[in-house]
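Trainee: Show me the folded form of this:
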Amino acid sequence: QNIKERVHALRMTFHPNYIKAFIIPSTDPHLSEYVAPHWMSREWISGFTGSAGTAVILMDKAGLWTDSRYFLQAAKELEGSGITLYKEMLPETPSITEFLCQHLKPGESVSIDGKMFSVQQVEQMKEELAAHQLQVDIFGDPLKNIWKDRPSIPDSPAFIYDIKYAGKSCEEKISAIREELKKKGVYALFISALDEIAWTLNLRGNDVHCNPVIVSYLLITQDEVTYFISPEKVTPEVETYLKKQQIGIQKYDEVETFLNSFHGENILIDPRKTNYAIYSAIHPKCSIIRGESPVTLLKAIRNKQEIAGIHAAMQRDGVALVRFLKWLEESVSAGGAERFHSGNHRRGVGLYRYPCPGAGLRAARMARLSCGDERQGLYRYDAGERDYHDGRAAGRDQYRGRDFFYAADGDYPAICQLWRQRASDFYGRDGNSA
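Mentor: Numbering: from 1, shown residues only. From the prediction side, this is the model:
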């Protein structure tokens, strides 16, 4: 299927389901920035491969909203698709709400998948659209019957993150979380954010491109801990580990059923990090407390092992970055890398993130700088963050000035795929610099 055929297939589901418009964001049920291929719905329906953007499909119109990092890329990838590019933050660009109000009639509904929007987003959307006599319809996944070759939900095995890196045991962390909950009179905490779950349990995974996390949910009460994860992801080693920590296991896809029969006195959720379908599934007699998860602040306070690991990771990462830039400058000066064109500038494999290069006018736009001559431009190298086993190296942007390289054939200058590959060679695919 090409993009027009995919959009047509989606529209064919509109009439029998009384759908007038459907909003498809770039996230997953955990509201992640980076998502597994199974949830790349916006990319599949639009053909736009950038990491941020929202597609809106009506019967006779379609639009894609994205930010200035992707204006050039989106314009190119949307050509011939029938989807209009809407450049966010420009004065002439209507917001999604304004667009919907212009093209829908009072009394009509805007449909969404409740798993792809936070509680806060849905409530804000309802309020904004209600002012124009429009409603929000929680429909479900619109692509489940039309995306024929859709990748499955990730099933890679989880693994234990050694305490020599973590610095604190899972037992210590859960105890600290319960103490924070007690202070607020909270019985249960539901955690949806994948990074918070990984930190709490000292588990890691390879489910999400460039993020060492596991697709799962976690429920912590004052009496027990329940981990919602697909059974195939639990190795014998992890199963033994969880039993030792007195953590019960439930199937990932049964989380809503479990919450619907949960009879705890109250439960704390973060409305910014919990999807609307999860929120709606909580038993009506269980009082919902809204607020920030205590894990957010607890994991921000680094222990001695974590601090030492960050320092070591930054040193290795810095060496790799300097070696790459040395190679790059020498290669360009020698004329060996100047006539290549860039591929797709996306980040990440395994436990670290690929560099994100850009050049000439592209780099100037990305960096909010000005560049007059596209053949004598600015090269921007966004090293991104890198997850090593002992710590994360912070992202760093590097710049090189005019006459750095030349791109042929009239295309906008872009650093080549070769450079990106070479950078990954210096950093090492296993998270250790070469």
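Trainee: who touches stretch 26-44?
Mentor: When contacts are defined by CB atoms under 8 Å, 6 or more residues apart in numbering, stretch 26-44 is touched by residues 6, 24-25, 48-49, 51-55, 64, 115-116, 118, 141, 143, 147, 150-154, 192-194, 207-211, 215, 272-275, 277-278, 347-348. The C-beta positions use only the backbone N, C-alpha and C, and glycine is treated the same way.
Trainee: In strands only, show me those residues.
Mentor: In strands, defined here by DSSP state E, the members of the contacts of stretch 26-44 are 24, 54-55, 64.
Trainee: circling back: quick check on the contacts of stretch 26-44: which are buried?
Mentor: With burial judged by 16 or more other CB atoms under 10 Å, the buried subset of the contacts of stretch 26-44 is 6, 24-25, 48-49, 51-55, 64, 115-116, 118, 141, 143, 147, 150, 153-154, 192-194, 207-211, 215, 273-275, 277-278, 347-348.
Trainee: among the residues you listed, which are in helices?
Mentor: Secondary structure from DSSP state H places 6, 194, 277-278 of the buried ones among the contacts of stretch 26-44 in helices.
Trainee: Out of those, the closest to Glu128 would be?
Mentor: The closest of these to Glu128 turns out to be Ala277 (CB to CB; 20.3 Å).
Trainee: what number of residues lie near the nearest residue to that closest one once chain neighbours are set aside?
Mentor: Spatially, and ignoring its direct neighbours in sequence, Ala277 is nearest to Gly114 (3.9 Å; CB to CB, 6 or more residues apart in numbering). Neighbourhood size, Gly114 [other CB atoms under 10 Å]: 21.
Trainee: Run through the residues that contact Gly114.
Mentor: With CB under 8 Å, 6+ apart, Gly114 has these contacts: 122, 138-140, 275-277, 280.
Trainee: go on, Val119?
Mentor: 269, 271-272, 274-276, 279, 290.
Trainee: what about the residue nearest to it when sequence neighbours are not counted, how many residues close to it?
Mentor: Nearest non-adjacent residue to Val119, counting by CB to CB, 6+ apart: Pro271, 3.9 Å away. Using other CB under 10 Å, Pro271 has 17 neighbouring residues.
Trainee: I'd say Ile146 and Val7 touch.
Mentor: No - with contact defined as CB atoms under 8 Å, Ile146 does not count as touching Val7 (10.1 Å).
Trainee: When those two are compared, which one has more neighbours?
Mentor: Val7 (20 against 17).
Trainee: Pretty sure the more buried one sits against Ala62.
Mentor: Yes - the pair Val7 / Ala62 is scored as a contact, 6.0 Å apart, by CB under 8 Å.
Trainee: Sketch out the helices for the stretch 1-150 of the chain, chain order is fine.
Mentor: 3-11, 41-46, 71-77, 96-103, 119-130 (DSSP state H, counting those that start in this stretch).
Trainee: and those, which is most packed in?
Mentor: helix 41-46 (a mean of 24; mean count of other CB atoms under 10 Å).
Trainee: I'd like the average pLDDT over it.
Mentor: Per-region confidence: helix 41-46 scores 97 on mean pLDDT.
Trainee: what separates that helix from the chain centre, distance-wise?
Mentor: 15 Å (CA atoms, centre = their mean, to the nearest Å).
Trainee: same deal with stretch 135-149?
Mentor: For stretch 135-149, the distance to the chain centre is 20 Å (CA atoms, centre = their mean).
Trainee: and the end-to-end length of it?
Mentor: Across stretch 135-149, the terminal residues are separated by 32 Å (CA to CA, to the nearest Å).
Trainee: and if you look at stretch 44-52?
Mentor: End to end - CA to CA - stretch 44-52 spans 13 Å.
Trainee: which one among the contacts of Gly114 gets closest to Ala312?
Mentor: Lowest distance from Ala312 to the contacts of Gly114 (CB to CB) belongs to Asn275, with 36.4 Å.
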